[in-house]
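Chemist: Build me a structure from this.
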Amino acid sequence: MPKAVRIWEWIDAWGSMACQAMALCWFLSPFASLSAQVTPASNLRTVDYTPEPSLLWPDSLTIVPGSLVATDTLGERLPKAWFRVVDRQIRFDSSILQYPKVRLSYRVLPFALGAGQQRLDTSLAKPLDDGGIGLAYNPYERDEQLLDFRGLNYNGNFTRGISFGNNQDLVLNSSFNLQLAGELGDGVEILAAITDENIPIQPEGNTQQLREFDRIFIQLRKGQNQLTAGDYELQRPDSYFMNYFKKLQGATFSNVSTFENGGRLSSQASVAISRGQFTRNFIDAIEGNQGPYKLRGGEGERFIIVLSGTERVFLDGELLVRGLEEDYIIDYNRGELTFTNKRLITKDSRIVVEFEYADQNYVRSLYAVGSAYEKDRFKLNFNLFNQQDSRNATGELQLTDEDKRLLREAGDREGGALLPSLDTLGEFSPSRVAYRQVDTLISCGLQDTLVQYLVFTTEPQDSLFTARFSFVGQGNGQYILDANQPANERVYRWVGLNENCQPAGDFAPVIQLAPPRQQQLYTLGGSYDFSEYTKVKAEVGMSRNDLNRFSDLDSEDDLGFSGYTELQHRLLPGGDSSGWQLDTRLSYEWVQANFEPLNPYRNPEFLRDWSLANVQGQGSVPEAEEQIGRGGFDLRKRGVGELSYELSGFRRDTLYQGWQHRFQVREQLEDWQVELDGSLLSTESTEQSTRFRRPRGTIAYAIPWLGQTRLGAYGEQERNARFTAGADTLEASSFYYNRYRFFLESPEQDNWQWGSSFSERIDYAPVGERFLQSARASEANVNGQWRYQKSRNRLQMAGNFTYRRLGISRPETTNQEAGETFLGRGDLNFTILKGVVQSSNTYEVGSGQEAKVEFTYVKVRPGEGTYIWLDSLYNNDGVIQQNEMEIAPFQDLADYVRVTAVTDEFIRIDDVRLNQSLRITPKAVWYNEEGWKATLARFSTLSNLTINRKTQATESVAAWNPFQLDVADTALVAVTSNIRNVLFFNQADPTYDLQVGMSDVRNKFVQTSGFESRRNSEQYLRGRWNISKAVSTEFALSQGRRTNDSEFFNNKDFDIRYYEAGPEVTLIPSRAFRATLSYEFRQDDDQLPDGNAFAQRHSFEAEARYNQSTQTSIQLRTSLVAVDFDGPANSPVGFAILNGLQDGRNFLWSLTLDQQLAKNIQLRLSYEGRKTGEANVVHTGRAQVAANF
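Modeler: Okay, here's the model as predicted:
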């Protein structure tokens, strides 16, 4: 019996017994359930789907593309971009995991297009009597594989490599990738995905689908039992109070049991390590600023790593979709959020981001168990979730007994404790920032105090210390960042106290550490259907929130309770045939002051809706017992419309009481569409009273004689008048605005769609007892797309452009300034003249902010890095400065990696981008012509232009013009341009061809140490002549210019003009052997006024390759480079010219062997050596084995 089957039988037996026991103890949670309602003789299917980690919903028949509609439990449609129909499957984006249940409606064809059809049973065919094979031959039989998993579908690859030499340590590289699916036997199904790319980074957040680099996912299923292990997501159960979405490393066991009485028990238990911690950010939007916006941790951490795929981004209460072509992109490693041109960010934007981020201080374990029982009309469920931090710190943080004492004394204090970070530095390290302690007397008032402070030092003989500095707020620290020190890490300078004896800085040598926590939540809920039209449901919850596992202080408020109940009833006035439907509902929610949910279960706009937050939705309220009562109805009729009303009351102990009326009207009459909704709120609290009204509506007409083009208007008002208790003067937090929008848009079509709109928003500020106009913003938008194709000609156009103008009428009432904002993107792609001219063009304009970047270099083993430290080229002081780092010319010399540190300082920028590509190929139509057409057909051209410019907002720079590259240094942030033009003659001809071209690459960027610019321009002529099948020649002539200009490090400046020329001869006497001989002459000359570097270089190279069938390949390469260098070799310009070589003779050689060991296994052995000038010989060897299966 296979081992895997025996293991599963053990799991199955254990699971059945555990299921019965846990059912009695209600210690299991609901398993993902699916219920389908299929109408007989109908191809419409409606499915209630509980999202699973597989992100897949299969059907037995082919799903009709475009028929899928997905809604959440409230009936709101979900974005189409989250779903993709592939034949008989619906594939989901990971964003769907945030919903406990989704309703899918779609239509199917009466057959499965991709299913195989059998007409003859080939197993009955026998070999022929004369010994022929007959039908016994199986052309689909799988070839012999490296790993033979019988009955399983699998693919993947495996690579292991080592590198070693006399100038580096042993380096190991590896990667592994395996996908596995199928049946192990005895009904056990497996689904597995294992990846290990040897790169500890997360995927980029610029697409809807995310590809995890390092992940292990294994799922075993047999009947109604399922075991999931590895890296996976755990989503919320069907619960009112319990809300979470967790990325885990652990295991989950699920089981579904059916009883003889018709009852059904769904069970689930999870034990895992949580990879992150949840937090919610309210972001202050900046007028015309698309980002990036920095995300913060739950304790105010400034530099965090966001767990990929856990974010939910809301803009003005609307859930957005990730992707370059959608609403936003996110840099998970930097914790930065940027909005695309589809979403204009203004001063009025309300941005809320929920996400999980990596917590490096403690290991966080969790378990989640529960159960759900269903029988007829009755449902009962229980859920338990527990997560807690280990009392032992992880990573670089080591808690001493004194640290633990401070944490115990901190109790539940917000922010935890400030732990001293000062530590001794055993020995001087050039890559670390070191300090020495200095004593001084400070006189404040009539008292002198002896204090010790830290001073940056580069002297190895000092008593050295190292410290981690934390931002503690302006005026709370005695240190500031010293940007003038050119060190490898950040340097902080002591500033002491000001003249008022208050701290004058904002940093301190401390670590702000939150203590380990524990959070538990229990919920017990159920529902009962009295009839088809009447239903009641209820849930109670208990939470335990221990904010400090080290301390028993303040523990009296750890427990909290909550409850919720709801009654729903449906009426059918006039009976089923009338089409009228009236849904009524009544609910009550009670939450104790100390109740703490895992994640917020209320929508992000809740406090704003109840006038407990400012106009941006930001606010906090003290803990208090809360009660919410709601009652309302929905009246609808098919083909007519819908009317809804709800009355809500919200009470927060004796501190606050509010009443809210909500209404909604939907009307569709022939070509007219009317939508109205709004709310009216009145509140009373111990401090203020408010009156908040929010009407809005849309009316649109589909013009029949314009192809149902919609002409419409939208209006919106928010007026929140807040008065101090007992007064009639408006508070400063009051707000009022009117907004209207007129639009004209075409319906969605395959080849043509367009729209335009104009809107205005008028803001009023509270002045005394009334509101007065303070600002007016006007926006104009035009968007559209057009696709045309006929024969070999094709045209695609798309664009979305917005212009906004903000005017300030009362500057004393706001901090905003008047200004203009351009935002948009245009795409133009075409192929004309039957393929002769092809072009691709993209133009983008916008505004945002750019973070100042700092680089820190970390020493690694030789051969594992990218950079080399060249202290001897500069000041030779034994301390790393950033200008002393260069990219290593040879891999074995690379012993430093560069780590990017994004600062908290941002520069407001205007951003413009242009990408163009143009190809002209007359041969596309004149490939068979004669005369002058045949001559012209031999020519072709290729041109590429890329410009990406970021500048500070200033009148001297046209924000929309990408060709304005000559920008003053004070206004420039970064600019990159790349121009390439090539003229081909006889391209791809088997005998000869010529090409002449030019390239110009420019980069200029600003760091905390000033700007740095680089440029490399070149003009070249290249040719090829195949004298015969065995002999071919090539030649190349080029001239160019390389420049470098650094504002802070002037010794890195150079202006090198160079010339290159050389021929190459290739000999191919047989298919198995190939040899190449080449010569190159190069001259470099530094053109700076004080430049004195000049070099001539003669390079001779020979290369030979021998292939023995497809099994073995040997390649040998040798080079002799004679360098005549005049100038300072130990200088930046000398390093740029020599590129790792030395004056005199330089020898380089390499040998590579590729061997096919088996059909799926390849072996590569390589050896490299060099002898540069008078230096010692360097040997480097590498070996790699790769397997595909």
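
Chemist: thinking Tyr522 is in contact with Met542, fair?
Modeler: Yes. Between Tyr522 and Met542 there is a contact at 4.7 Å, judged by Cβ atoms under 8 Å. All C-beta spots, glycine's among them, are computed from the backbone N, C-alpha and C.

Chemist: quick one: Gly807 and Ser774 touch, right?
Modeler: No. Between Gly807 and Ser774 there is no contact under Cβ under 8 Å: 10.0 Å.

Chemist: These two - which one has more neighbours?
Modeler: When neighbours are counted by other Cβ atoms under 10 Å, Ser774 comes out ahead of the other of Gly807 and Ser774, with 22 against 11.

Chemist: Look up which residues are beta-bridged to the closest residue to the more buried one other than its chain neighbours.
Modeler: For Ser774, ignoring the flanking residues on the chain, the nearest one in space by Cβ to Cβ, 6 or more residues apart in numbering is Ala765 at 3.8 Å. Counting by DSSP bridges, Ala765 forms beta bridges with Leu772.

Chemist: what's near enough to touch Ala765?
Modeler: 771-774, 810, 813-814 (Cβ atoms under 8 Å, 6 or more residues apart in numbering).

Chemist: can you rerun that using 10 Å?
Modeler: 730, 732, 734-736, 771-775, 809-810, 812-814 (Cβ atoms under 10 Å, 6 or more residues apart in numbering).

Chemist: so what sits against both of Tyr522 and Met542?
Modeler: With contacts taken as Cβ under 10 Å, 6+ apart, the residues that reach both Tyr522 and Met542 are 241, 384, 561.

Chemist: The second one is in what secondary structure piece?
Modeler: Taking DSSP states H and E as the definition, one finds Leu384 inside strand 378-393.

Chemist: Skip ahead from that strand and say which helix or strand is next.
Modeler: Next in sequence after strand 378-393, counting helices and strands by DSSP H and E, comes helix 401-410.

Chemist: so what does that next one touch, helix or strand wise?
Modeler: strand 378-393, strand 417-420, strand 510-513 (3 or more Cβ pairs under 10 Å, 6 or more residues apart in numbering; DSSP states H and E).

Chemist: For Glu499, find the nearest of those strands.
Modeler: strand 510-513 (24.6 Å; Cβ to Cβ).

Chemist: Partner strands of that closest one, with direction?
Modeler: Strand pairing (DSSP bridges) places strand 510-513 next to strand 417-420 (antiparallel).

Chemist: now what about the strand it pairs with, what contacts it?
Modeler: Contacts of strand 417-420 (Cβ under 10 Å, 6+ apart): 397, 399-400, 402-411, 467-468, 470, 472, 508-515, 548, 550.

Chemist: what comes up buried for that strand?
Modeler: 417, 419 (16 or more other Cβ atoms under 10 Å).

Chemist: so how far is it off the chain centroid?
Modeler: Distance of strand 417-420 from its chain centroid, counting by Cα atoms, centre = their mean, to the nearest Å, is 33 Å.

Chemist: Mind giving me the packing neighbours of the helix or strand following that strand?
Modeler: Counting by DSSP H and E, the element after strand 417-420 in chain order, helix or strand, is strand 423-424. Contacts defined by 3+ Cβ pairs under 10 Å, 6+ apart place strand 423-424 against strand 465-466.

Chemist: Which helix or strand lies directly C-terminal to the strand it packs on?
Modeler: Beyond strand 465-466 toward the C-terminal end (DSSP H and E), the next one is strand 470-471.

Chemist: Going by contacts, tell me the helices and strands next to the following helix or strand past that next one.
Modeler: Sequence order places strand 479-481 as the next helix or strand after strand 470-471, per DSSP H and E. On a contact count with 3+ Cβ pairs under 10 Å, 6+ apart, strand 479-481 meets strand 492-494, strand 507-508, strand 896-920.

Chemist: looking at these, which has the lowest confidence?
Modeler: Among these, strand 896-920 carries the lowest mean pLDDT, at a mean of 80.

Chemist: Go through it and flag the buried ones.
Modeler: Result for strand 896-920 [16+ other Cβ under 10 Å]: buried residues 896, 901-903, 906-907, 909-917, 919-920.

Chemist: show me the contacts for the closest residue to Phe595 other than its chain neighbours.
Modeler: Among residues not flanking Phe595 along the chain, Gly560 sits closest, at 3.2 Å (Cβ to Cβ, 6+ apart). Listed by Cβ under 10 Å, 6+ apart, the contact set of Gly560 reads 521, 541-545, 591-597, 623, 625.

Chemist: Produce a PyMOL select command limited to the buried residues of these.
Modeler: The buried subset of the contacts of Gly560, as determined by 16+ other Cβ under 10 Å, is captured in PyMOL by this line:
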select buried, resi 521+541+542+543+544+545+591+592+594+595+596+597+625
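
Chemist: how far does stretch 616-628 stretch from start to finish?
Modeler: End-to-end distance of stretch 616-628: 23 Å, with Cα to Cα, to the nearest Å as the criterion.

Chemist: average pLDDT for it?
Modeler: Mean pLDDT, stretch 616-628: 88.

Chemist: and the residue lying closest to Ala968 once chain neighbours are set aside, helix, strand or coil?
Modeler: Among residues not flanking Ala968 along the chain, Ser956 sits closest, at 6.7 Å (Cβ to Cβ, 6+ apart). Here Ser956 is coil, with the state taken from DSSP: H, G, I helix; E, B strand; the rest coil.

Chemist: Ser956 touches Asp910, doesn't it?
Modeler: No. Using Cβ atoms under 10 Å, Ser956 is not in contact with Asp910, being 11.7 Å away.

Chemist: Overlap of the contact sets of those two?
Modeler: Ala971.

Chemist: my guess is Leu319 meets Tyr328, correct?
Modeler: No. Using Cβ under 10 Å, Leu319 makes no contact with Tyr328, being 11.1 Å away.

Chemist: Which one of the two is surrounded by more residues?
Modeler: Between Leu319 and Tyr328, Tyr328 has the larger neighbour count (other Cβ under 10 Å), namely 26 against 18.

Chemist: how about the nearest residue to that one, chain neighbours excluded?
Modeler: Excluding the flanking residues, the one nearest Tyr328 by Cβ to Cβ, 6+ apart is Phe339, at 5.0 Å.

Chemist: Glu760 now?
Modeler: Nearest-residue entry for Glu760: Ser778, 5.1 Å, with adjacent residues in sequence omitted and distances by Cβ to Cβ, 6+ apart.

Chemist: For Glu287, which residues are in contact?
Modeler: By Cβ under 10 Å, 6+ apart, the contact list for Glu287 reads 345-349, 777, 804, 806, 816-819, 821, 847.

Chemist: do that again at 6 Å, thanks
Modeler: The contact partners of Glu287, by Cβ atoms under 6 Å, 6 or more residues apart in numbering, come to 346-347.

Chemist: and it, what are its phi and psi?
Modeler: Backbone torsions for Glu287, taken as degrees, to the nearest 10, come to phi -50, psi 120.

Chemist: Over to the one 4 residues further on?
Modeler: Listed backbone geometry of Gly291 is phi 120, psi -170, with angles given as degrees, to the nearest 10.

Chemist: Okay, domains of the chain per the record?
Modeler: Per the record, the chain has its domains at 3-107, 277-358, 417-513, by automatic domain parsing.
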